[in-house]
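Participant: fold the following, please.
(2 chains)
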Amino acid sequence: MLKAKHKTGLVFFPAFDWAISPTHPEREERLLYTRDQIVEEGLLDIDGIVELKAGVIDPIDVQRVHFCVPDIGSIMTESHFISAGGAKTVGCAVMEKKIEKGFALVRPPGHHSMRVAHGGRGFCNVNNEAIMIEQLRAAYGIDRVAIVDTDCHHGDGTQDIYWHDPDTLCISIHQDGRTLYPGSGFVDEFGGPTAAGATLNIPLPPYTSEEGFLYVVNNVVLPVLEEFKPDLIVNSAGQDNHFTDPLTNMNFSAQGYADLTRLLNPDIAVLEGGYSIEGALPYVNLGLILAMAGIDYSNVKEPDYDFERLRQSAEVTGAIKKICGEVMDVWNNRHAIRKQMCSNQDTAERRRNVFYDTAGINEFQHETLNICSKCGGVLKIDSSADTGSHILAIHIPKKACDKCKKTGRQWYETADTGRYEMIMMQDRPEDRFLVRTAS
Amino acid sequence: MASMIIGLDVGGTHTDVILAGENGLVNRAKVLTDTSDLFGTILTGLDRITADVRPEDISHAVLSTTLTTNAIVTNNLHRAGMIVCAGPGISVDAFKICDDFHVVDGAIDHSGREIKGLNEGQIRAAASQLQEKGIDCVGVACKFSTRNPAHELKIAEIISPMFERVFIGHRISGNFNFPRRIATTFLNASVYPVHKAFFNAVQSSLVKRGLTMPIYILKADGGTMDFKTSIDFPGQSILSGPAASVMGSVPFADTDAETLVLDIGGTTTDMAVLVNGVPLLAPEGIELNGYKTLIRALKTMSVGLGGDSFVRVDGENIIIGPERRGPAMAYGGDAPTTPTDALFVLGKAAGGDKDAAARGINGIAEKLGVSVTAAAYRVFDQTCRQILENARQMVDMINSRPVYTVREALKGRRINPDRLLMLGGPAPYFADHIQSISDYKVKTVPHWDVANAIGTALSRTTCEVTLFADTSKRVATAPAERFSESIGSGFDLRAATDMALTLLKDKALSQGADVKDLETDLLESLAFNQVRNFHLVGKTIRVRVQVRPGLVHNHEAIVRHLER
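Facilitator: As a prediction, the model looks like this:
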């Protein structure tokens, strides 16, 4: 009889009746063959693997993380509520020790969704992991969280949300942004002045295989986690590094993903991308679940898996070693970098364009962070989009000092409603979300 | 006109037999079950009920037996062999179900594509080994055989001449789950001889008695199959007992409400839920003695709490069940005491030794420092409350079942039964109190003590069909029905549903259904666009249909009289 070493909970929500469009990669069929494989393997009959029913999130769960413009109803469909709800269900079950580990096998995905959301980006509308993490922080008082994003695309949404949070470590391992959407995620993107080094990007060359991914895990991810000492490790478990994925150019495998999962040992995994729905997902998901549960996965192999054929070149190996060295330099020097970035400045500003490829929207953001020696710092974002929306978004961090709390609330009260269609505030110390409009 | 039906349900203590006709219950009998001679018990029951009846007046008989169930729970299985092939995934060694378990090369993937061929020599060698050990019944199960049965069929073709009987996985169930397919196939092979011997014994002894009416076997899903079909699917007769009780409650359930069914027995209370008069099915299949199967079953829960449950005191608390240590003291049990004894002390039950019951309850009263009556009341009250608590847990469990579509998730349909139907020997003694301490509207089923046999008699033939269609491959298949047909590119969900329903009706009729009883349900219906290399290449369609578990069409006339 098979028995899981770690009691593992699964939320499986394949959204068999939801698609971005009929032939879009993010369509009804995406998890069909994964379900077939999981059911055929009898995975849910294994002692110590339980299936949980996806709950639904509440508006406040979204509002802790996102400024949805103009409102939640315009950004989220029912499927997003359930997908994020699946992550929340798994997270709560882990915190309440009903399960040791949890995997939310849900769609639609979320890791390209940033703090301000005017629409869909990279098939994502809201950030499932961030919504779950902030809900767990509000309900269970956890503090330090590490997110390791193993999707082939840079987790730019998650990075944006935690850019100024020194207590959330965001590590993204992805195909080099010069060769793949969303075109970001370079080593020199390492977080804002008060949180530098808490964002780490590991861009990998195309055709990286098992060897390369496991090198990164062993030589960067695990040592950094060891030092960061998170209360919770969350894996954004995208599966599009697979050698059969139609959108990417990597050579990862089900065995590799399972090994990575075993080494990383995450408390919670949340499915992200992965669009080789027949050749990869059934096997990668099976391997991942078995690895989380601590069950032998050595026989989980794709029919056309060939270790030697997929092997990366010496050139790729060399490039990866070099990148890992650079990332470790950032990590090891993070305190000095923060000090340097904060010195002699009261505020830090960012101006940038954000393109919502799924929704076809252009946004311009002007972000101002109050540099504070006592906390991560209150921040405001002036956001305008070519939809005509113009809003001011204020974020008071959960652990904000009294002065930053006061500043944030003052910004909220005094902003000009003539200038902004809406003034929105995430007042995290009070766990509330406020909106002010002219009328 | 032949219009009477025999219903027979073999229970752990008693075997209940009834003869029902248009005038209601014509005859009823209880015979003691002799587990060492179940054939004898069944034949005695049939004799008792048919003694003064003309054979030509009986339309058919339905039997709910525990032969196969007993064989499994007592590990008295006929030695059967297995030949399996698996391919990539969880290592197949984890599913080794018996000593004579042979894994052969070959693999089919989730899309039904062959990824590794069979090795005929290896199959023959495995079969020879089984044959040398004197094994005559063999099961064949391959991973994903319900997507593509070619490997199972080929193996069966090779080995069939070497054995008395070969059971083939995809023929028994069209559903996914390889480990359960292995277990289901194995159990069918293992109980085949006992079921076949039973079949022969019943047939010949009925013929001797001049009884030639068709015989049906009750299944765990509350439906029946004809006796002949049961030879091909002997595993379907497993665990029909709880289904018999549920079906016995169906005629008395409101068809516009959710109803909880409680069958209170000596050792256990069996629970089930009826939604608008229709029993809920278990999502996967029977689990029995560690075997998880694909055998369709009603969703029932059995708790170790009944009239004969062992009652004792631990500190301040009374503990009831889950064990049974013998009959109630009122019925000659030699201690310890039971809830039934409490009923005697409270004057609710009669016909037993009230003094003995009081002696038993006195033991409890002394430990608790209360009067005998007070102790009896506490035992009685707690039994009712524990039953209700278990019922609540079952409803919660049903409501926490995951759903896979936005539509279902939003519908968020939760069951919340407000009616309660009770049956089983002690049912009427408990009904009033359960009504007074809960919000349920409680009713005791007429003829509560043989309602299981009535349910058995009135059940209709049921079955299930799973159909796959793939418009890019231009084919629709239902491997369990040996069906495969080419389809056009415009084939859609509606056409698939029609095709599945046609197959379902043919199957039901061939298994003995009455054409008037073909009430069908669509259990699953999914259609997906298949996109390959960014082009729409077709649709993949899944349809699962059933004949709904329910009562034979002419049950109303019979039931009207029962209610009087």
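Participant: contacts, neighbours, all on C-alpha from now
Facilitator: Noted.
Participant: can you pull the residues of chain B lying near chain A?
Facilitator: B:88-91, B:94-95, B:109-111, B:115, B:143-144, B:176-180, B:400-407, B:409-410, B:526, B:528-531, B:533-536 (CA under 8 Å from any CA of the partner chain).
Participant: and if we set it to 6 Å?
Facilitator: Counting by CA under 6 Å from any CA of the partner chain, the residues of chain B lying close to chain A are B:88-89, B:91, B:94, B:176-179, B:400, B:402, B:404-406, B:528.
Participant: which one of these is nearest A:D156?
Facilitator: When the residues of chain B next to chain A are ranked by distance to A:D156 (CA to CA), B:V406 comes first, at 27.3 Å.
Participant: number of residues surrounding the closest one?
Facilitator: The number of residues packed near B:V406 is 22, by other CA atoms under 10 Å in any protein chain shown.
Participant: most proximal residue of the stretch 451-564 of chain B with respect to chain A?
Facilitator: At 5.5 Å from chain A, B:F528 is the closest residue in the stretch 451-564 of chain B, using CA to the nearest CA.
Participant: sec struct for that residue, please.
Facilitator: Assigned with DSSP: H, G, I helix; E, B strand; the rest coil, B:F528 falls in the strand class.
Participant: show me what the helix or strand that contains A:V354 packs onto, helices and strands only.
Facilitator: Under the criterion of DSSP states H and E, A:V354 resides in strand A:347-356. With contacts taken as 3 or more CA pairs under 6 Å, 6 or more residues apart in numbering or on different chains; DSSP states H and E, strand A:347-356 sits against strand A:361-370.
Participant: list the helices and strands the strand it packs on packs on?
Facilitator: Here strand A:361-370 touches strand A:347-356, strand A:379-385, going by 3+ CA pairs under 6 Å, 6+ apart.
Participant: would you mind finding the most buried of these?
Facilitator: Ranked by average neighbour count under the criterion mean count of other CA atoms under 10 Å in any protein chain shown, those are headed by strand A:379-385 at a mean of 21.
Participant: what's the angle from that one to strand A:347-356?
Facilitator: In terms of direction (axes from the mean of the first three to the mean of the last three CA atoms, to 10 degrees), strand A:379-385 departs from strand A:347-356 by 30 degrees.
Participant: where in the stretch 1-150 of chain B is pLDDT low?
Facilitator: Counting by pLDDT under 70, the stretch 1-150 of chain B contains low-confidence ranges at B:1.
Participant: pick out the residue of it closest to chain A.
Facilitator: For the stretch 1-150 of chain B and chain A, the shortest gap (CA to the nearest CA) falls at B:G89, measuring 4.3 Å.
Participant: my guess is that residue meets A:S298, correct?
Facilitator: No. The pair B:G89 and A:S298 does not pass the contact test of CA atoms under 6 Å, sitting 8.4 Å apart.
Participant: one step back: what pairs with the strand holding A:V354, parallel or antiparallel?
Facilitator: strand A:361-370 (antiparallel) (DSSP bridges).
Participant: just the CA atoms of the partner strand, as CSV, please.
Facilitator: C-alpha atoms of strand A:361-370 as CSV (Å, rounded to 0.1, in the frame of the first residue of the first chain):
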residue,chain,number,x,y,z
ILE,A,361,-4.1,48.2,-22.3
ASN,A,362,-1.2,50.6,-21.8
GLU,A,363,-0.6,52.0,-18.3
PHE,A,364,1.7,54.7,-17.1
GLN,A,365,2.8,54.6,-13.5
HIS,A,366,4.6,57.1,-11.3
GLU,A,367,5.4,55.5,-8.0
THR,A,368,6.7,57.3,-4.9
LEU,A,369,8.1,55.4,-1.9
ASN,A,370,8.8,57.1,1.4
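Participant: spell out the secondary structure type for the residue lying closest to A:F123 once chain neighbours are set aside.
Facilitator: Counting by CA to CA, 6 or more residues apart in numbering or on different chains, the nearest residue to A:F123 once its immediate chain neighbours are dropped is A:T358, at 6.0 Å. Counting by three-state DSSP, the backbone at A:T358 sits in coil.
Participant: how about B:I215, phi and psi?
Facilitator: In terms of degrees, to the nearest 10, the main-chain angles of B:I215 are phi -110, psi 140.
Participant: from B:D34, how far out is it?
Facilitator: According to CA to CA, to the nearest Å, B:I215 and B:D34 sit 22 Å apart.
Participant: what does B:A358 give?
Facilitator: Look at B:A358 and B:D34: by CA to CA, they are 31 Å apart.
Participant: check contacts around the residue of chain A at minimum distance from chain B.
Facilitator: Here the residue of chain A nearest chain B is A:E40; by CA to the nearest CA that distance is 3.7 Å. Counting by CA atoms under 6 Å, 6 or more residues apart in numbering or on different chains, A:E40 touches B:176-178.
Participant: one more: A:L10?
Facilitator: Neighbours of A:L10 in contact, by CA under 6 Å, 6+ apart: A:51-52, A:102-104.
Participant: which stretches in the stretch 301-439 of chain A count as strands?
Facilitator: Applying DSSP state E, counting those that start in this stretch to the stretch 301-439 of chain A gives strands spanning A:347-356, A:361-370, A:379-385, A:390-396, A:422-427, A:432-436.
Participant: could you dump those into a markdown table with distance to B:Y429 and mean pLDDT added?
Facilitator: Formatted as a markdown table, those follow (distance: least, CA to CA, whole Å; pLDDT from 0 to 100):
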| stretch | distance to B:Y429 | mean pLDDT |
| --- | --- | --- |
| strand A:347-356 | 68 | 95 |
| strand A:361-370 | 70 | 97 |
| strand A:379-385 | 70 | 98 |
| strand A:390-396 | 64 | 98 |
| strand A:422-427 | 60 | 98 |
| strand A:432-436 | 55 | 97 |
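Participant: would you mind naming what in the stretch 251-400 of chain A lies close to chain B?
Facilitator: A:299-301.
Participant: pull the number of nearby residues for the nearest residue to B:L46 once chain neighbours are set aside.
Facilitator: Take B:L46 and drop its neighbours on the chain: the residue closest to it by CA to CA, 6+ apart is B:V17, 7.2 Å away. Residues lying near B:V17 (other CA under 10 Å) number 32.
Participant: still on that earlier bit, could you dump the helices and strands packed on strand A:361-370 to CSV with distance to A:E227?
Facilitator: Output for the helices and strands packed on strand A:361-370, formatted as CSV (distance: least, CA to CA, whole Å):
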stretch, distance to A:E227
strand A:347-356, 27
strand A:379-385, 28
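Participant: helices of the stretch 51-200 of chain B, residue ranges please.
Facilitator: Here the stretch 51-200 of chain B has its helices, by DSSP state H, counting those that start in this stretch, at B:67-73, B:120-132, B:150-159, B:169-172, B:178-208.
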